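Fold the following for me, if possible:
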Amino acid sequence: MFLLRHGRAEMPDAEGQVWNYSDAALTHEGRARASQLAATLAGAGVEAIFTSPIPRARETAETIAGATALPITADGRLREVDIGDFEGITLSKLRETDQRFLPWLEVYFGGRHAGPDFHVPAELAWPGGESVADALRRALPAFCAIAAAWQGRTVAICTHAYVLQAFLCHVVGADVAQYWSFAGLPASLTLAEVSPDGRGVLRTLNGDTELPSFAGGRLALRERTVPDGAPDLRSTSRIFLIRHGQSMVVEDGEPVYSHNPIGLTRQGAQQAEELAAELATVRLNAVYTSDLNRARETAEPLAAAQGLVPIVRPELREIALGDFEGMTLARIPAADERFTPWLDVAFNERFPSVEYHHPVDLAFPGGESVVDVYQRVIEPFLQIVRDHLGETVALVSHAWVIQPLLCHILGASLTDYFRLQLRYALPTLVEVDGNGQGVLETFNRGTSVALAPPAESRVAP
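Below you'll find the model as predicted:
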């Protein structure tokens, strides 16, 4: 299910007024982005598009459908939050009227950074209108009906920022109160795989958006200096969380390793070089890495491109498999069938669910659980954040390290870690405060995740 926000619209209008339910058309930039998104989705196998009837969403959906004759269904339940008495309000008028709603305009139109203390609470209703939680209660039945009716197929939903963010909370099991933790960028590629109840796995978030668009303009690029006076600049750290490149293709009968000093495969080395090239435009202040070879070999070209030396932090190493280290895949189910979901999800591309995944508190014999990993890495992670407030860094680690960190950042339960499936050497960008909480700007950035997911079965964890 592609979850799409409409392209940028002509809002605020010429008088500085914001109209959520207006007939505002897409801007030139908005139409261009919608066309780019249409080109990206042309090979994605989308069979139907569902859209809000509000013109800016409808125009985006029609652009995506293009000449392919895809059916478009407008559903009023997918419309944006009703702002009631604030229709047509300006920022200056809002300052005088009710400052509780200032984050609404300053985040979406002023480039401010949403955070735990700067967002419109999900249960706070606009006067005469809805709250974000109300909008989710209204839109969720439509979302789940689409999910149930189109199982095994691919569709797109074109909606609005608040509704999109609320849907993402539902997909990954987070409370709607955390809606602000997902960056809802205009006409950007977001993909989730969901079961009939709408719960599922996030595959990519804002996967095709250019780097300068992330972090509210605070992502420091080599060709651009972020003004020192930019709001929130010194109170947050921008961190690229990166899983290492491919390290091992596990054939039948070969052992699986976690802490063994295996390095990158040829494909993994190429992924590391591509990552370094992609982030070359970003000014990184530091590159951190796990002490395991596959992470270090991913971090080294990235750091070299920045004129840096990777900082090795052993605490960032992957989960310990304990007695399973070096065991063949065929032997593990016979040794303990509780670990079969791990094998099926990690090696056989099985869709994880509440009923079928590796439990967060299930420790490998003689090794660790995901909870153990979280307890090991959270304080080192927070120290990295606090050491780099106002800066941008990269952290190269492992799937079972980054997943619980993302749960912390998003305010989600650790039990839902499996809903954030990381690909090899694709950047995930977060902007977080000193407590490690903040906004997920992009997840698994890259269109390959959505268009041609690589066969990652039989790979090292």
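
His358: which element?
Taking DSSP states H and E as the definition, His358 sits outside all helices and strands.

Nearest spatial neighbour of it, chain-adjacent residues omitted?
Nearest residue to His358 in three dimensions, chain neighbours excluded: Trp342, at 4.2 Å (Cβ to Cβ, 6 or more residues apart in numbering). Every C-beta, even on glycine, is put in place using the N, C-alpha and C of the backbone.

Check which helix or strand that neighbour maps to.
Going by DSSP H and E, Trp342 is in helix 340-347.

Okay, now the unreliable bits of this structure?
Applying pLDDT under 70 to the chain flags the ranges 67, 216-217, 222-231, 249-254, 450-461.

Strands of that one, residue ranges please.
Assigned by DSSP state E, the strands in the chain fall at 2-5, 48-51, 72-74, 155-159, 191-194, 200-204, 237-243, 286-289, 311-312, 392-397, 427-432, 438-442.

Please identify which of these is closest to Glu210.
Glu210 lies closest, by Cβ to Cβ, to one member of the strands of the chain: strand 438-442, at 10.3 Å.

Show the residue spans covered by the helices in the stretch 1-150 of the chain.
Taking DSSP state H, counting those that start in this stretch to define them, one finds helices in the stretch 1-150 of the chain at 28-41, 55-65, 91-97, 102-108, 132-149.

I'd like these laid out as CSV, including distance to Arg234 and mean neighbour count.
Output for the helices of the stretch 1-150 of the chain, formatted as CSV (distance: least, Cβ to Cβ, whole Å; neighbours: other Cβ atoms under 10 Å):
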stretch, distance to Arg234, mean neighbour count
helix 28-41, 30, 18
helix 55-65, 35, 22
helix 91-97, 23, 13
helix 102-108, 17, 20
helix 132-149, 28, 19
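
Tell me which of those helices sits nearest to Asp232.
For the helices of the stretch 1-150 of the chain, the distance to Asp232 is smallest for helix 102-108, at 10.3 Å, taking Cβ to Cβ.

Alpha carbons of the closest one, as PDB, please.
C-alpha atoms of helix 102-108 as PDB (Å, rounded to 0.1, in the frame of the first residue of the first chain):
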ATOM      1  CA  LEU A 102       0.900  27.400  16.500                       C
ATOM      2  CA  PRO A 103       2.800  24.100  15.700                       C
ATOM      3  CA  TRP A 104       0.200  23.400  13.000                       C
ATOM      4  CA  LEU A 105       1.300  26.300  10.800                       C
ATOM      5  CA  GLU A 106       4.900  26.600  12.000                       C
ATOM      6  CA  VAL A 107       5.700  23.000  11.300                       C
ATOM      7  CA  TYR A 108       3.900  22.600   8.000                       C
END
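
Let me see the ranges of the helices in the stretch 351-461 of the chain.
Using DSSP H, counting those that start in this stretch, helices in the stretch 351-461 of the chain cover 370-387, 399-410, 448-451.

Pull the distance from the first one to the chain's centre.
The chain centroid and the centroid of helix 370-387 are separated by 20 Å under Cα atoms, centre = their mean, to the nearest Å.

Can we start the residue count at 237 from this point?
That works, and once the first residue is 237, the last one we named lands at helix 606-623.

Could you pull out the buried residues of that helix?
By 16 or more other Cβ atoms under 10 Å, the buried positions in helix 606-623 come out as Val606, Val607, Asp608, Val609, Tyr610, Arg612, Val613, Phe617, Leu618, Ile620, Val621.

Which residue is the nearest non-sequential neighbour of the fourth one?
Spatially, and ignoring its direct neighbours in sequence, Val609 is nearest to Ile555 (5.1 Å; Cβ to Cβ, 6+ apart).

For the helices of the stretch 587-697 of the chain, could you give me CSV that also reports distance to Thr299?
Putting the helices of the stretch 587-697 of the chain into CSV (distance: least, Cβ to Cβ, whole Å) gives the following:
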stretch, distance to Thr299
helix 606-623, 39
helix 635-646, 31
helix 684-687, 17
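
Which of the ones you listed sits closest to Phe476?
helix 635-646 (10.7 Å).

Output the closest one as PDB, nothing but the C-alphas.
Extracted as PDB, the C-alpha positions of helix 635-646 are listed here (Å, rounded to 0.1, in the frame of the first residue of the first chain):
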ATOM      1  CA  ALA A 635      19.100  -4.500  12.100                       C
ATOM      2  CA  TRP A 636      18.400  -5.600  15.700                       C
ATOM      3  CA  VAL A 637      20.200  -2.600  17.100                       C
ATOM      4  CA  ILE A 638      18.600   0.100  14.900                       C
ATOM      5  CA  GLN A 639      15.000  -1.300  15.200                       C
ATOM      6  CA  PRO A 640      14.700  -0.900  19.000                       C
ATOM      7  CA  LEU A 641      16.400   2.500  18.700                       C
ATOM      8  CA  LEU A 642      13.700   3.600  16.200                       C
ATOM      9  CA  CYS A 643      11.000   2.400  18.600                       C
ATOM     10  CA  HIS A 644      12.500   4.700  21.200                       C
ATOM     11  CA  ILE A 645      12.700   7.600  18.800                       C
ATOM     12  CA  LEU A 646       9.100   7.100  17.600                       C
END
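
Taking strand 473-479 as reference, get the angle to it.
150 degrees (axes from the mean of the first three to the mean of the last three Cα atoms, to 10 degrees).

Which elements pack onto helix 635-646?
In terms of contacts (3 or more Cβ pairs under 8 Å, 6 or more residues apart in numbering; DSSP states H and E), helix 635-646 is packed against strand 473-479, helix 606-623, strand 663-668, strand 674-678.

could I get those as a markdown table with distance to Asp572?
Shown next, in a markdown table, are the helices and strands packed on helix 635-646 (distance: least, Cβ to Cβ, whole Å):
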| stretch | distance to Asp572 |
| --- | --- |
| strand 473-479 | 26 |
| helix 606-623 | 16 |
| strand 663-668 | 31 |
| strand 674-678 | 34 |
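
okay, now Gly279: neighbour count?
When neighbours are defined as other Cβ atoms under 10 Å, Gly279 has 11 of them.

That one and Ser684, how far apart?
From Gly279 across to Ser684, the span is 11 Å (Cβ to Cβ, to the nearest Å).

now swap in Gln673 and tell me
Gln673 is 30 Å from Ser684, by Cβ to Cβ.

Which one's more surrounded, the two?
Each of Gln673 and Ser684 has its neighbours counted (other Cβ under 10 Å); Gln673 has more, 19 against 13.

and the residue lying closest to the more buried one once chain neighbours are set aside, what is it in contact with?
Nearest residue to Gln673 in three dimensions, chain neighbours excluded: Pro352, at 5.4 Å (Cβ to Cβ, 6+ apart). By Cβ atoms under 8 Å, 6 or more residues apart in numbering, the contact set of Pro352 is Asp669, Asn671, Gln673.
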